[in-house]
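A.B. asks: just coords:
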């Protein structure tokens, strides 16, 4: 019986070991010496890559923008997701909650490239939303909704 339990956990343990090995390789390369045209895996190893990164104003600006933006998007997801999840759990119409949960799970079956292309079709300069806004007369020219923080926010949320 105990051997059967071990066999059940073996695939997950193997996948975890492979992921951990990859992260250990990434960590090791981060201490390697960088040369034009590639990475030199011979000495000197050290923290010079981290020092160069942490003393670069452009890199720190990008890091600050990334962290602040990820916090903002996370808060927006919580503000939108919590009421929706509360509604799904508390709805008295069981079929409605099941349908909404199914639609939510269905989005995970599409790949990231397919989703990105879908956002391009919806939010592009000649996309569905811009054509609708111009057709109704709310705007005379397309509104730029992709390749900026607005488009990234919509796609991430």
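C.D. replies: Structure's in. What do you need? Computed from a predicted model, the values in this text were never measured in an experiment.

A.B. asks: what is the mean pLDDT for stretch 131-138?
C.D. replies: Average pLDDT, stretch 131-138: 92.

A.B. asks: no wait, stretch 74-93
C.D. replies: The average pLDDT for stretch 74-93 rounds to 92.

A.B. asks: in that stretch, what's buried?
C.D. replies: The neighbour-count criterion (16 or more other CB atoms under 10 Å) identifies no buried residues in stretch 74-93. (C-beta placed from N, C-alpha, C; glycine too.)

A.B. asks: downstream of the helix or strand of the chain with the lowest mean pLDDT, the next helix or strand is which one?
C.D. replies: None of the helices or strands of the chain scores lower by mean pLDDT, DSSP states H and E than strand 38-40, at a mean of 65. Heading C-terminal from strand 38-40, the first helix or strand you meet, by DSSP states H and E, is helix 48-54.

A.B. asks: what does the average pLDDT come to for that next one?
C.D. replies: What helix 48-54 shows for mean pLDDT is 88.

A.B. asks: distance from it to the middle of the chain?
C.D. replies: Taking the mean C-alpha point of helix 48-54 and that of its whole chain, the gap between them comes to 25 Å (CA atoms, centre = their mean, to the nearest Å).

A.B. asks: contact partners of it?
C.D. replies: Contacting residues not belonging to helix 48-54 are listed as 30, 31, 32, 33, 34, 59, 60 [CB atoms under 8 Å, 6 or more residues apart in numbering].

A.B. asks: which ChimeraX command selects the buried ones in those?
C.D. replies: Only the buried entries of those go into this ChimeraX selection, using 16+ other CB under 10 Å:
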select :32
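
A.B. asks: against which helices or strands is the longest helix along the chain packed?
C.D. replies: Identified as the longest helix of the chain according to DSSP state H is helix 57-90. Applying 3 or more CB pairs under 8 Å, 6 or more residues apart in numbering; DSSP states H and E, one finds that helix 57-90 makes contact with helix 94-106, helix 149-156.

A.B. asks: from those helices, which stretch is densest packed?
C.D. replies: Ranked by mean neighbour count under mean count of other CB atoms under 10 Å, those are led by helix 149-156, which reaches a mean of 14.
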